[in-house]
Every structure is written in structure tokens, then in C-alpha cells.
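I'd like to go over a predicted model; first the sequence, then the structure.
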Amino acid sequence: MGLSGKEELSVEIKSPGEIFFDAFGSKKGLLPKICPNIIPCIDLLEGEWGALGCTVLVHYHLDGKAMRSRETIVVVDAENKSITYKLLEGDIMKTFKTVTMTVQPTQKSECNFLTWTIIYEKFVDEDIQAFFVPWKEFLNNVTKEIDAFYFQAQP
């Protein structure tokens, strides 16, 4: 088992991929209105919403616990509708030395998915797969709530 690793999660979505590119980019500040029970607050600390270098403080609930994460956008790929965040500090960073998360809409056959890719480096060489169970559940729930919110709004 190594100190570095990668986890992926693909969640089937009904809404167009652009919705998620915006939701995690220029409209990320609206997430507390879309999924208030999961993400009750996001504060813009630096930059402009969705722009490279944008830094936010996210207050969220993971596995029944109130948590926080300070994160910054390190890659914006408009062509592929993907955004990569680097986590700078917060509750998750007590377990990890580095974490980057990329969110990107993908397609398999005729189904649309939102794919989350988490690349990390741990402090110690130990099995932390149990850690990813609630984290993936959190990402799945956020994705489903955003999808339901925007899919209902489509004509």
C-alpha cells in the first residue's frame, strides 16, 4: 500500500454537463440554496467564482459531522467542462498531505455521468478505504441534489 492514491466515483445524471460545470464553478456560491442540508454555507475568500485561483471556504456535513474545507481552483477546462480543486486546509486535511478533486461530466453509451476523481497523498501508509465510503456518499448526494434541482427547472 502506498502513500499516494486515486479514487473515482461516477454518478448518473439527467441534466446537461454544463449545469455541473457552472454549479462547481461560476455558480458554486448557490450550492447552499440547492443542497442546504449538505452544504449550508460557502464563503468566497479570494478571486471570482469559478475563475482560476478562486478560493472558497466550504461548510458541509460529512457522515453526520459539520466540517469545513478551504479549497482553490487550480484547473478550469472549459472545453471538457471540468474543474479541479486543490484542498488547502480543513477537516479532511488532517488525514491527507495533499488532495485534488476533479469534477467532469462524462458519457458512457447513452448515459450521462458526473465523474469525480480524487487524487491524494496520505501522511502515513495505512488503509483508509473506509474513509472514502462517507466521502463518496457525500459526493453522490451533492450530485443527485444538483441534478434534481436543475432537472426540475428544465422546460
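In hand now; what should we look at? On a predicted model such as this, the values are computed, not experimentally measured, just so you know.

how about the helices of the protein, start to end?
Using DSSP state H, the helices of the chain run over 17-23, 31-34, 129-153.

and these as CSV, adding mean neighbour count and distance to residue 122?
All C-beta spots, glycine's among them, are computed from the backbone N, C-alpha and C. Shown next, in CSV, are these (neighbours: other C-beta atoms under 10 Å; distance: least, C-beta to C-beta, whole Å):
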stretch, mean neighbour count, distance to residue 122
helix 17-23, 21, 28
helix 31-34, 17, 27
helix 129-153, 16, 10
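
quick one: which of those helices has the weakest pLDDT on average?
For the helices of the chain, mean pLDDT drops lowest on helix 129-153, to a mean of 90.

neighbouring contacts of it?
Defining contact as C-beta atoms under 8 Å, 6 or more residues apart in numbering, one finds that helix 129-153 is touched by 7, 9, 11, 13-15, 19-20, 23, 31, 34-35, 38-39, 60-63, 92, 95, 114, 116, 118.

next one: stretch 70-81
Here stretch 70-81 has contacts from 17-18, 20-21, 25, 45-47, 50-58, 82-90, 100-102, 104-105, using C-beta under 8 Å, 6+ apart.

can you do 7 Å?
Stretch 70-81 is contacted from outside by 17-18, 21, 25, 51-58, 83-90, 100, 104-105, using C-beta atoms under 7 Å, 6 or more residues apart in numbering.

Report the mean confidence score over that stretch.
For stretch 70-81, mean pLDDT rounds to 97.

Could you find the closest non-adjacent residue to residue 63?
Nearest non-adjacent residue to residue 63, counting by C-beta to C-beta, 6 or more residues apart in numbering: residue 134, 3.7 Å away.

returning to what we had before: make a markdown table out of the helices of the chain and add distance to residue 72.
Below are the helices of the chain laid out as a markdown table (distance: least, C-beta to C-beta, whole Å):
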| stretch | distance to residue 72 |
| --- | --- |
| helix 17-23 | 17 |
| helix 31-34 | 16 |
| helix 129-153 | 19 |
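
Run through the residues that contact residue 8.
Residues near residue 8 by C-beta under 7 Å, 6+ apart: 115, 116, 117.

now those residues in a markdown table, with pLDDT, distance to residue 142 and neighbour count?
Converted to a markdown table, these look like this (pLDDT from 0 to 100; distance: C-beta to C-beta, whole Å; neighbours: other C-beta atoms under 10 Å):
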| residue | pLDDT | distance to residue 142 | neighbour count |
| --- | --- | --- | --- |
| 115 | 97 | 14 | 19 |
| 116 | 98 | 9 | 20 |
| 117 | 97 | 15 | 16 |
